[in-house]
Each structure stands twice: as structure tokens, then as C-alpha cells.
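[1] Quick one: sequence plus predicted model below, questions after.
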Amino acid sequence: MTGSITRVALVGARGHGASYLDRLDRLAETGRARLVAVADPRPPGPLATRLSGATWHDSLADLLADPRARPDVVVLATPVHTHTELAVTALRAGCDVLLEKPPTPSLAQYEELRAAANETGRICQIGFQTFGSEAVEAVRRIVADGELGTVTGFGALGTWVRTAAYWARAAWAGRRRLDGRDVVDGVVTNPLAHAVATALLVAGATRLDQVAAVETDLYRANDIEADDTSSGVVTLADGQRLGFGLTLCAARRSPALVLVHGSAGTLRLAYESDTIEVDGRGGTRTLTFGRTDLLDDLLTARETGRRPRCPVDDTAAFMRVLEAVRQAGTPTPIANHHLHWQGEGDDRHPVVTDVEKWCRHAATRVATFTALGAPWTPRQLTSRLSAAE
């Protein structure tokens, strides 16, 4: 493969998929790759000027049937409930695959995807971009050097904002199931999936057998099926515990963090900017790192035969968390008196009172909202009813 220009097809060219057009333009300039085809059920419209001779198809099946479009690599940036069928089809057609996160909407479909990758011998890279960050290895070095003392736990913290327009953008947005198919489009499994997956990676958990148990505590303030404000505790096979506190109903967006708690200090990884803040035995300092784009990394893996940075096998621990969310009961609605609304029209969004504080407590104390006594939880509701009696 070395020395040849890799032929790339993009499936799903709108939304996040459009960002791959910029990456492919850059790769074309360096002579590493070329966009040969796009599959999207909608006409190209203004994207027509970005195609540079690439063919446009209604589906991946049509694309693969066209000899002019035959790709070496397929990038899949489609809704999660389409991932398994499309990725397996591309792998069995002899293509390497870059599949956006989350890999699949269920653990059973994940095993089907992993089996196809192993059977075909093709690369299936998952789009958890943080797996390409040099900061992750730096965290491991800091922990190994004992700067934080004995590690006492891990955390994932995310307080973001999603407006009405976000939930209205597609029929599958905010759904647990659609037309009888799993979707699981909630805060834990999609918008802030990077927080959970990166925390697991930092904790050294990538395989299914490295996760002993998952406890979830799921809520929603929006009129959706899935969760938009959730906490949970992941118990790892080595006895370590990871707490997550995540919401899309904050007053304003804050940088998402992965936390490492130690007997002698704390580390905070702001994974969106690849920045680490360390407060430990060596004092307080801030470090910033670079990252390798996972499409670049996939091309390098093809050229050299080395292992990619985020192969499908390394997302099994995250899929164990996703499966726990999928199997959990319907998220509990947050009562109106615990929230207020900001913005108008498409920009309207709920803000859960003090949600930033409770998400921080979940991630730092490694406990669920219910265990912590957050005011919107069933335990608090039961306490109020008992007091009234």
C-alpha cells in the first residue's frame, strides 16, 4: 500500500460528516488520499463544489457497485442505528473503515461488528478522537510516576448545552428506539461519549472483562426519550471506580473533563483542548499536547501495518457502559420546579438548577445523583412525600 494514493469514500456528508471534506482536502494536498465517492440520500446541493470529481450516490450499496467509486477506505458519519449494517458491509467489501462514535447502539451489534473486522482482517477504527491525543499517554506517565500518590478513583465531567434545534435536527435525535431499532442517543452515549470513553482509557479499561459493573442514574429535562442529564458509577475489575456526571442542560457550556483522583493530588484532562492540569506532589502546572487525527492514523496503519490508535476492540469497555444505558429504564423526567428555560425558538433550552454542582460531585465523589441526594432524584421525592405525611 505504501506509495499509492488511498481512495476514500465518505458516507454521510451532512452535519459532522461535512468536517471530513476538509480533512480529505488536506490529505489530497499531501498526496496521501483522495475522495472518490460520497453516499448520502440527499442531493449534493452546495456540497457539489467540494466533490473534485468524486461521484455521488444515494447509498453505500450503490457506491460499492460502481467500479469508478471503488474505495480503499470508507468513512461512516451516519446515524448510530445505521452503523452496524454499513460498517459490516464495507468491511466485507474489502474496505478499511473509520466509523464515527458510538460504534453501535447495542452490545450485540458491537459483537457483530467486531466479528466482521476480525473475520475480514480489515481495520475498523472508531472515531473517538481523544484516542489520538498525546495527553492520554502523558496522564499515564504522571500517574505511574506517583505524582498523585495512590489513585483513588476516576471521573468524567461534562456540563454542556443543547438547544431545541439540536433535538429537532433529525428523527433519531434524542430517541432510545426508532422504528423498532435501538438508537440510544443520550448524553452518555453520544454528545459526551468522549468523556466516558476517555476516562475508561485513562483508567486502563478497554476490554469487556475489565468492567465489573455499571450503575446508571438517568434523567431528562427535554421532551425526549433519551437522557440529557445523567450520572453513573463504573466499577472496574481491578477494584477502581469511575464516576460520571454529564448534562446537556447547563446554563453555559464548560470544557469537558476527565479526572484522576489520588491520595496526593488531582489531575484534570480537558480533552477537547488536550490540556492537563496537575495538582500533585510536584506542585501545580498546566501542560498542553498535540493529537493525531484518526483518519491520518488509519492511513498510517494501512501503510505500516501497525495497530491503529482506536481499533474497534479497544471500545469494548465503553460499549459495556452504553449497554447499561440501553438496558436501563426510561430516564426520569426532571420536575419543572427544578429547571428554567433560556433562549427563544430554536435556541430555547432548559437549565437544571445547580446541575453543574451535582455533575461535579458525581465525578469527584464517584457517586450517582441519587446517592448524593440531588434534589430531582426519586430519593428526594420520597423524602418530601414522607415529610408531608
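    Ah, there it is.
[2] Please count neighbours and contacts with C-alpha atoms only from this point.
    OK.
[3] Quick check, L236 in contact with R207.
    No: counting by CA atoms under 8 Å, R207 is not a contact partner of L236; they are 10.4 Å apart.
[4] between these two, which one's more packed in?
    L236 (21 against 17; other CA atoms under 10 Å).
[5] now the more buried one, which residues is it bridged with?
    On the basis of DSSP bridges, L236 is bridged to V211.
[6] where does it land on pLDDT?
    On the pLDDT scale, L236 is placed at 98.
[7] what element comes up after the helix or strand that L259 is a member of heading to the C-terminus?
    Assigned by DSSP states H and E, L259 belongs to strand 257-262. Sequence-wise, the next helix or strand downstream of strand 257-262 (DSSP H and E) is strand 265-270.
[8] Send me that next one as PDB with only the CA atoms.
    What follows is strand 265-270 as a C-alpha-only set of coordinates in PDB (Å, rounded to 0.1, in the frame of the first residue of the first chain):
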ATOM      1  CA  GLY A 265      -3.400  15.300  44.300                       C
ATOM      2  CA  THR A 266      -5.800  15.500  41.400                       C
ATOM      3  CA  LEU A 267      -5.300  15.600  37.600                       C
ATOM      4  CA  ARG A 268      -7.800  17.200  35.200                       C
ATOM      5  CA  LEU A 269      -7.600  16.400  31.500                       C
ATOM      6  CA  ALA A 270      -9.600  18.900  29.300                       C
END
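[9] For it, which strands pair with it and how are they oriented?
    Here, using DSSP bridges, strand 265-270 pairs with strand 257-262 (antiparallel), strand 275-280 (antiparallel).
[10] Select, out of those strands, the one closest to G121.
    In terms of CA to CA, the element of those nearest to G121 is strand 257-262, at 32.9 Å.
[11] most tightly surrounded among the strands paired with strand 265-270?
    Comparing the strands paired with strand 265-270 by mean neighbour count (mean count of other CA atoms under 10 Å), strand 257-262 ranks first with a mean of 25.
[12] Below-threshold pLDDT in the stretch 251-389 of the chain: ranges please.
    The stretch 251-389 of the chain contains residues with pLDDT under 70 at 380-389.
[13] What segments of it are helices?
    All helices of the stretch 251-389 of the chain, identified by DSSP state H, counting those that start in this stretch, fall at 294-304, 316-327, 355-365, 369-372, 378-388.
[14] Which parts of the stretch 151-300 of the chain are strands?
    Ranges of strands in the stretch 151-300 of the chain, per DSSP state E, counting those that start in this stretch, are 151-159, 177-178, 181-182, 211-220, 229-236, 241-247, 257-262, 265-270, 275-280, 283-288.
[15] For P103, find the nearest of those.
    Of the strands of the stretch 151-300 of the chain, nearest to P103 by CA to CA is strand 181-182, at 12.6 Å.
[16] Mind listing the strands the closest one pairs with, and their directions?
    Going by DSSP bridges, the partners of strand 181-182 are strand 177-178 (antiparallel).
[17] pLDDT on the strand it pairs with, on average?
    97.
[18] So what touches that strand?
    Outside strand 177-178, the residues that touch it by CA atoms under 8 Å, 6 or more residues apart in numbering are W172, V183, V184.
[19] could you redo the last one with a cut-off of 10 Å?
    H81, P105, A171, W172, V183, V184, D185, E225, A226, R326 (CA atoms under 10 Å, 6 or more residues apart in numbering).
[20] thinking again about what came up before, now do the shared contacts for L236 and R207.
    The contact sets of L236 and R207 overlap at L200, A317 (CA under 10 Å, 6+ apart).
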